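# Structure for this input, please:
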Amino acid sequence: MPSPTDAETLPAATPAASHIFTTVLSHGPLTRREVARRAGLSPAAVTKAVRPLIESGYLVEDVDAEAPPALGRPAGLVRVDGGRALFIGVKLTGDEIIGVLTDLCCRSLVDRRVPLADRAPEAVLAATADLVQELLTEAEGYGVRVAGLGIAVSGDVDRAEGVVRYSPFLEWREVPLAELAAAVTGLPVTVDNDVRALTVAEQWFGAGVGLSDFAVVTVGAGIGCGLVVHGRVVAGAHGVAGEIGHVTVDPDGPPCHCGNRGCVEAVAADAAILARIRETGGTEVAGTAEAVDRARHGDAGAREAYARAGNAIGRGIATVANLLGPSRVIISGEGLAAYDLFAEHVREAFTAAAFGSAARCDVQTRPLPFEEWARGAAATAIQSFITAPR
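This is a model prediction of the structure:
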């Protein structure tokens, strides 16, 4: 692994300049007048901020042939040059590492997957370093430096400190992952909760672009939730905002690994669904694929388990809608492979539990493979690159 080098920085000297760059990144190409309107700044402030960004090649101004001329001059469209910098995103699961190389606009250029045989931090770090090296080698062909590495991990992650406080699937506690990864890769590293990272990607580049308030709910091995409130991804004072997986929906329900009973995750996560099928049917079920197959072929116990899961998820989403009033909730995650088995129950439970106008929330599904979660990790690295103190 190469030794660390001086990190390149974005020439955005003020928070306003970072905001302008982010506005163009998410909504561009835009005229300067539109940039000023969206960013809530004066045209003079925009001109001052974009000048060094254009001079350094991060922004490009093209002529808008369709726009009416202003004072005899053609209008210009400002856009981000995605090829000006590259980023690496890594998603860690309990048995696999997924990595992507993206450009500055978070467009995936290369992706890789490697199995994870050992969950010990040292083993995961070594495998991650090897994967990052592969992607750095791929980056050489683009002739542009990699400006940052983002790592997404499930569980309680302190992004500010770069520490994984607790990750149930990796069985980690208090792992200073950002520091360790930076030491072995030579890159600036951002570590965040995986659902929150996915939410950043959806906010800047996906189904949340232009929305000031929305949520991303993920279903599968766990139940997660990322929140955007007034245009900002919310982490909370202790980094665990949005944990609807640990909202109690049945006080007498099954025990959860968090220590409580009847949490959404204890009812609706993949392992909980399998446990319910075994409990009610009295027979072994090999895994999620078999459970889905049984349910689709009319197995009453399997169908009941998925219905129960859908009800819990719907009530969890209603809790988010009642508390925060998002305009949209995006459901994603590997659990969507079985969505036809519980979609109706999600909708019914949500409608029953959502209060008043909260029921108007647009609930939509968006299947995203784990490569997209790794892309979310890259989005957090891009975010850190843009907002880093100068």
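
# pLDDT value on the most centrally placed residue in the chain, please?
By Cα atoms, centre = their mean, the chain has its centre lying nearest to Leu198, at 0.8 Å. pLDDT, Leu198: 95.

# Ala12: what's it in contact with?
18, 20-21, 49, 52-53, 386, 390 (Cβ atoms under 8 Å, 6 or more residues apart in numbering). Where C-beta positions appear, they are placed from N, C-alpha and C, glycine not excepted.

# from those residues, which is closest to Glu161?
Checking these against Glu161 by Cβ to Cβ gives Ile386 as the nearest, at 20.2 Å.

# Report how many residues lie close to the nearest residue to the closest one once chain neighbours are set aside.
Spatial nearest neighbour of Ile386, excluding adjacent residues (Cβ to Cβ, 6 or more residues apart in numbering): Ser18 at 5.3 Å. Number of residues near Ser18 (other Cβ atoms under 10 Å) recorded here: 19.

# Just the pLDDT for Ser18.
You'll see Ser18 listed with a pLDDT of 92.

# what sits against it?
Per Cβ under 8 Å, 6+ apart, neighbours of Ser18: 10, 12, 386-387.

# go with 7 Å
By Cβ atoms under 7 Å, 6 or more residues apart in numbering, the contact set of Ser18 is 12, 386-387.

# measure Leu86 to Ile330 for me?
Remark: distance between Leu86 and Ile330 (Cβ to Cβ, to the nearest Å) = 27 Å.

# So which elements touch the helix or strand where Leu131 lies?
Using DSSP states H and E, Leu131 falls within helix 121-140. When contacts are defined as 3 or more Cβ pairs under 7 Å, 6 or more residues apart in numbering; DSSP states H and E, helix 121-140 packs onto strand 86-92, strand 96-103, strand 108-115, strand 146-153, helix 177-185.

# Tell me the buried residues in the first one?
Burial within strand 86-92, assessed by neighbour count using 16 or more other Cβ atoms under 10 Å, is assigned to 86-92.

# Now for Leu125: which residues touch it?
With Cβ under 7 Å, 6+ apart as the criterion, the residues that contact Leu125 are 180-181, 184.

# from those residues, which is closest to Arg232?
Ala181 (25.4 Å).

# in this structure, which ranges drop under the pLDDT threshold?
For the chain, the stretches flagged by pLDDT under 70 are 1-7, 63-75, 390.

# where exactly do the helices run in it?
Ranges of helices in the chain, per DSSP state H, are 15-27, 32-39, 43-55, 121-140, 177-185, 194-205, 264-268, 270-281, 288-296, 300-324, 339-353, 370-387.

# and these as a markdown table, adding distance to Cys361?
A markdown table is the format used below for the helices of the chain (distance: least, Cβ to Cβ, whole Å):
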| stretch | distance to Cys361 |
| --- | --- |
| helix 15-27 | 22 |
| helix 32-39 | 24 |
| helix 43-55 | 34 |
| helix 121-140 | 37 |
| helix 177-185 | 34 |
| helix 194-205 | 16 |
| helix 264-268 | 17 |
| helix 270-281 | 25 |
| helix 288-296 | 27 |
| helix 300-324 | 5 |
| helix 339-353 | 8 |
| helix 370-387 | 22 |
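
# Mind checking those for the one nearest to Gly253?
Between Gly253 and those, the tightest spacing by Cβ to Cβ is seen for helix 264-268, at 5.8 Å.

# From the chain's centroid, how far away is that closest one?
With Cα atoms, centre = their mean, to the nearest Å as the basis, helix 264-268 stands 21 Å off its chain's centre.

# For that helix, name the packing helices and strands.
Here helix 264-268 touches strand 223-229, helix 300-324, going by 3+ Cβ pairs under 7 Å, 6+ apart.

# most tightly surrounded among those?
Each of those was scored by mean neighbour count; the highest is strand 223-229, a mean of 25, by mean count of other Cβ atoms under 10 Å.

# by contact count, what packs against it?
Counting contacts by 3+ Cβ pairs under 7 Å, 6+ apart, strand 223-229 is packed against helix 194-205, strand 214-219, helix 264-268, helix 300-324.

# tilt between that strand and strand 214-219?
Angle, strand 223-229 to strand 214-219, by axes from the mean of the first three to the mean of the last three Cα atoms, to 10 degrees: 170 degrees.

# any residues touching strand 223-229, and which ones?
With Cβ under 7 Å, 6+ apart as the test, strand 223-229 has contacts from 195-196, 198-199, 203, 208, 213-218, 233-234, 241-245, 264-265, 268-269, 316, 320, 324.

# Quick one: buried ones out of the residues you listed?
195-196, 198-199, 203, 208, 213-218, 233, 241-245, 264-265, 268-269, 316, 320, 324.
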